[in-house]
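> The sequence isn't on hand, but the structure is:
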């Protein structure tokens, strides 16, 4: 498992790229309503805050398993958000 710093970077890059993809979609579709795309951005920010809080939790017994679970949660939430971006009409 990667160290804490690398996990924080991964969280930042993945969710940052998702937010950037939403902005690109909004820029390319200026004629469409942005309520759904703004909700995706809000969800990405909320996910970022949640995951960073979990990474910074010092009361964890098994750090390796904890970080692995956070990494898996990042992957699943990332895929979920990408699916939502793909469904924007």
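Nice, thanks for sending it over. On a predicted model such as this, the values are computed, not experimentally measured, just so you know.

> Do a quick rundown of the helices in this structure.
Using DSSP state H, the helices of the chain run over 4-28, 35-55, 63-87.

> now those as TSV including mean neighbour count?
All C-beta atoms are positioned from the backbone trio N, CA, C, and that covers glycine. Below are these laid out as TSV (neighbours: other Cβ atoms under 10 Å):
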stretch	mean neighbour count
helix 4-28	15
helix 35-55	16
helix 63-87	14
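
> Turn those helices into CSV, columns for mean pLDDT.
Converted to CSV, the helices of the chain look like this (pLDDT from 0 to 100):
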stretch, mean pLDDT
helix 4-28, 96
helix 35-55, 97
helix 63-87, 96
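
> Find the centremost residue of this protein, please.
residue 15 (3.5 Å; Cα atoms, centre = their mean).

> Surely it and residue 47 touch.
Yes. Contact status for residue 15 versus residue 47: in contact at 6.2 Å, counting by Cβ atoms under 8 Å.

> where do the contact lists of the two overlap?
Jointly contacting residue 15 and residue 47 under the rule Cβ atoms under 8 Å, 6 or more residues apart in numbering are residue 81.

> and the gap between residue 80 and residue 86?
11 Å (Cβ to Cβ, to the nearest Å).

> Ok, residue 74 next?
From residue 74 to residue 86 the distance is 18 Å (Cβ to Cβ).

> Also residue 12?
Applying Cβ to Cβ to residue 12 and residue 86 gives a distance of 22 Å.

> do residue 50 as well
For residue 50 relative to residue 86 (Cβ to Cβ), the value is 23 Å.
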